[in-house]
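Visitor: got a structure for you, letters missing:
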């Protein structure tokens with residue numbers, strides 16, 4: 001039982017830890033996000049190199065080293081927000097198929113600034129499965145939040161190296177808690 005007082009003390013100290021400093025950025029008339037102050041917007045050519053896709057993200061912000069990113073993407077969808085319970089299972093399965101291994105930390109439907117979001121927090125691993133490959137697996141700490149507005153699916157993603165999870169977890173949670181979408 002000596003562990004309980006220690007845990008309570010630790011939780012009490014963490015409650016007073018400084019909150020990450022965020023800058024509010026308006027991405028659309030009905031959407032604003034909180035971006036860590038030291039992050040900068042990735043220009044279009046940087047987005048094209050780092051996120052090659054036919055549909056580029058709405059915005060990507062990166063830390064000075066370029067190892068940590070926060071992105072916002074918009075995709076068309078035929079689902080509605082009342083489908084979140086079913087979509088949570090579908091998106092979890094999709095995330096698992098993208099990576100060699102996924103360790104989920106948290107998955108749920110949460111309310112942020114009066115809006116429901118599907119929330120996933122996990123560590124992903126990508127391994128090269130070729131027989132003679134000697135490449136080290138790539139591990140990333142990720143937080144992904146989804147929201148549906150009308151016929152659009154908004155995807156908010158925070159990605160950092162897994163070995164820096166403890167450093168970036170409070171920032172990722174603050175960023176995901178700073179999303180404001182008007183209906």
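Guide: That came in fine, so what should we check first? What you see is a predicted model; the values in this text were computed from it and never measured.

Visitor: output the lowest mean pLDDT helix or strand found in the protein.
Guide: Lowest by mean pLDDT, DSSP states H and E among the helices and strands of the chain is helix 3-15, with a mean of 52.

Visitor: sketch out the low-pLDDT regions of the protein for me.
Guide: Across the chain, the ranges flagged by pLDDT under 70 are 1-18, 131-133.

Visitor: following the least confident helix or strand of the chain, which helix or strand shows up next?
Guide: strand 22-28 (DSSP states H and E).

Visitor: next one: that next one to chain centre, how far?
Guide: The offset between the C-alpha centroid of strand 22-28 and the centroid of the whole chain comes to 16 Å, using CA atoms, centre = their mean, to the nearest Å.

Visitor: and that strand, which strands flank it?
Guide: strand 31-36 (antiparallel) (DSSP bridges).

Visitor: who's in contact with residue 37?
Guide: Residue 37 is in contact with 21-23, counting by CB atoms under 8 Å, 6 or more residues apart in numbering. Heads up, the C-betas are built off the backbone N, CA and C, glycines and all.

Visitor: all helices for the chain, in order.
Guide: Secondary structure of the chain (DSSP state H): helices at 3-15, 44-50, 84-98, 165-176.

Visitor: gap between the third one and the chain center?
Guide: The chain centroid and the centroid of helix 84-98 are separated by 15 Å under CA atoms, centre = their mean.

Visitor: with the second one instead?
Guide: Between the centre of helix 44-50 and the centre of its host chain there is 19 Å, according to CA atoms, centre = their mean.

Visitor: got a list of contacts for it?
Guide: In this structure, residues lying in contact with helix 44-50 by CB under 8 Å, 6+ apart are 42, 56-57, 60, 62, 69.

Visitor: which of those count as buried?
Guide: By neighbour count, with 16 or more other CB atoms under 10 Å, these hold 42, 57, 60, 62, 69 as buried.
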